[in-house]
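Participant: Output the structure for:
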Amino acid sequence: MSNKIIFTTEAPAPIGPYSQAVLAGNTLYVSGQIALDPDSGELINENITEETHAVMKNMEAILRAAGYGFSDIVKCTIFIRDMGQFGTINEAYGQYFKSNPPARETVEVSKLPKNVNVEISCIAVK
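Facilitator: Numbers count the residues shown, from 1 in each chain. Below is the predicted model of the structure:
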């Protein structure tokens, strides 16, 4: 089985030595996404709701580039800087999973890349 690197200009370019996603067989591993505007490279972080939607839109662009969608996601990991923002993040995140949401964990961390408030990665299977 050979791995296929997934890249799209509709999501932010990686800011380090990693790929936006890797397709291994029928399993897609999407790297953690933060709220970077794919065109300008600027952070979208006016508030946590806007930031979470930007993260999800970046993830959606990568999924789409690989021929996947939110309904194919089986697992997400959410890293947040403040568990006090969990409810607001959860509300925005939940809008992308109308039924049968994936398995998930949410972990509070002390710091994230570019000092963002939320980072989300996922695994999708067809």
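Participant: next structured bit after the longest helix anywhere in the chain?
Facilitator: If you go by DSSP state H, the chain has its longest helix at helix 48-65. Per DSSP states H and E, helix 48-65 leads on to strand 73-80 as the next helix or strand towards the C-terminus.
Participant: which residues touch that following strand?
Facilitator: 32, 63, 86, 89, 93, 97, 102-109, 112, 117-125 (CB atoms under 8 Å, 6 or more residues apart in numbering). For every residue, glycine as well, the C-beta is placed using N, CA and C.
Participant: from those, which would you call buried?
Facilitator: Those of these that meet the buried threshold are 32, 63, 86, 89, 93, 102, 104, 106, 117-124, by 16 or more other CB atoms under 10 Å.
Participant: Strands of this structure, start to end?
Facilitator: 3-6, 21-24, 27-33, 73-80, 103-108, 118-125 (DSSP state E).
Participant: Pipe those strands into TSV and attach distance to residue 40 and mean pLDDT per row.
Facilitator: TSV is the format used below for these (distance: least, CB to CB, whole Å; pLDDT from 0 to 100):
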stretch	distance to residue 40	mean pLDDT
strand 3-6	22	98
strand 21-24	22	98
strand 27-33	16	98
strand 73-80	23	98
strand 103-108	28	98
strand 118-125	19	98
